[in-house]
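>>> model this:
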Amino acid sequence: MAQKRILNIVVGGVEHNGEWLLIKRERGDYQQKWALVGGKINFDEGIQEALLREIKEETGLSVEWKGIKAILNEKLKNNKTTITSKQFFIFLCLTEAKSDVLRESDEGELCWFSNEDIVNERENIIPSDYLMITELLNRKNMGSIIELDLLEENDNLEIGVFKEY
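I've put the predicted structure just below:
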């Protein structure tokens, strides 16, 4: 049996002229779903350093760091059995891009979304990323702590338990 562990992830709300940058995931979890840009934090790497590296690798963008908006403890569970299959400790950070010129990568398609586009594409966005974009990134305050369960059944994903501290 594989050892269970929590993956430390950093994701960025990359904003430019009122639009958010999303990537259609080609690898890893939640393939073919739109998501915020980000990835794993390497050993001995800081949160800001990891985010700026991931954004540069996946998009070619250099961004301005704005801060940590929230920390999330996300558990992926089977909706029928409620057994946790994966767990992510997510640092949600806010950044601002000075340019909207993107460099495609093998991570997936990149696209800028208005707030209206995000609402219209809700079914194609990872539910927890949708929540991060619509609820957490738009808040004035920094540093919310969130625990949530992301329930998976067949190819459907939905938010289960949600707690904010």
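>>> any idea where the helices of this structure begin and end?
For the chain, applying DSSP state H gives helices covering 47-59, 115-120, 127-131.
>>> Might you calculate how far the last one sits from the centre of the chain?
Per CA atoms, centre = their mean, to the nearest Å, the displacement of helix 127-131 from the mean C-alpha position of its chain is 8 Å.
>>> now stretch 80-95
Relative to the chain's own centre, stretch 80-95 is displaced by 10 Å; criterion: CA atoms, centre = their mean.
>>> pLDDT (mean, whole number) over that stretch?
For stretch 80-95, mean pLDDT rounds to 92.
>>> Identify the single longest strand in this structure, thanks.
Across the chain, the longest stretch assigned as strand under DSSP state E is strand 63-78.
>>> Who are the packing partners of it?
The elements that strand 63-78 packs onto, with contact taken as 3 or more CB pairs under 8 Å, 6 or more residues apart in numbering; DSSP states H and E, are strand 6-16, helix 47-59, strand 84-97, strand 144-153. For glycine as for every other residue, the C-beta is placed from the backbone atoms N, C-alpha and C.
>>> tell me the most buried of the helices of the chain?
helix 127-131 (a mean of 23; mean count of other CB atoms under 10 Å).
>>> other SSEs contacting that helix?
Using 3+ CB pairs under 8 Å, 6+ apart, helix 127-131 sits against strand 34-40, strand 144-153, strand 156-164.
>>> In PDB, list the C-alpha atoms belonging to the longest one.
Spelled out, that is strand 144-153. C-alpha atoms of strand 144-153 as PDB (Å, rounded to 0.1, in the frame of the first residue of the first chain):
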ATOM      1  CA  SER A 144      -8.300  32.900   5.700                       C
ATOM      2  CA  ILE A 145      -8.000  29.300   6.900                       C
ATOM      3  CA  ILE A 146     -10.200  26.800   5.100                       C
ATOM      4  CA  GLU A 147     -10.900  23.100   5.400                       C
ATOM      5  CA  LEU A 148     -12.900  21.400   2.700                       C
ATOM      6  CA  ASP A 149     -13.700  18.100   1.200                       C
ATOM      7  CA  LEU A 150     -13.800  17.700  -2.500                       C
ATOM      8  CA  LEU A 151     -16.200  14.800  -3.300                       C
ATOM      9  CA  GLU A 152     -15.500  12.800  -6.500                       C
ATOM     10  CA  GLU A 153     -18.000  10.400  -8.000                       C
END
